[in-house]
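Asker: sequence and predicted structure, then a few things I'm wondering about:
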Amino acid sequence: MEENETSFAIPANYTDSGKFFAGMLSLRNIIETIALIVVLGFIELKLIPMEGTVRIVVMVVTILPLSLISLVGIDGESLMQYQARVFTFLFHRRNMIYKPFGGGNEKS
């Protein structure tokens, strides 16, 4: 009896469901980026006393790179997920102490 082998090609966009721009941006990243732009834009527009041209330059230098990082994410996570992971690590880390086999209290 002969076995029939069939192989199927899996398309490149198989796991891109729920993402935008060919799977680069997720909806969560887009929402977090919009919130980040609104908060930082409000702070820089209303609370920092500068002239118009200087204010625009400062906004481009600060908000544009942060929004690009927030859109793409870090290590495949959104900015808030990554920040939560970093804070979890900082608050739950332990100090490890090396003890040689046998307790290490023997005098030589």
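Answerer: Arrived safely.
Asker: where in the chain is pLDDT low?
Answerer: For the chain, residues meeting the criterion pLDDT under 70 lie at 1, 12-18, 21-23, 102-108.
Asker: now the helices for it?
Answerer: Per DSSP state H, the chain carries helices over the ranges 27-42, 52-72, 79-92.
Asker: hey, which of these is tucked in deepest?
Answerer: Among the helices of the chain, ranked by average contacts under mean count of other Cβ atoms under 10 Å, first place goes to helix 27-42 (a mean of 15). Where C-beta positions appear, they are placed from N, C-alpha and C, glycine not excepted.
Asker: next, the angle from that helix to helix 52-72.
Answerer: In terms of direction (axes from the mean of the first three to the mean of the last three Cα atoms, to 10 degrees), helix 27-42 departs from helix 52-72 by 160 degrees.
Asker: who does helix 27-42 touch, helix- and strand-wise?
Answerer: With contacts taken as 3 or more Cβ pairs under 8 Å, 6 or more residues apart in numbering; DSSP states H and E, helix 27-42 sits against strand 19-20, helix 52-72, helix 79-92.
Asker: chain center to the first one, what's the gap?
Answerer: In this view, strand 19-20 has its centroid 16 Å away from the chain centroid, taken as Cα atoms, centre = their mean, to the nearest Å.
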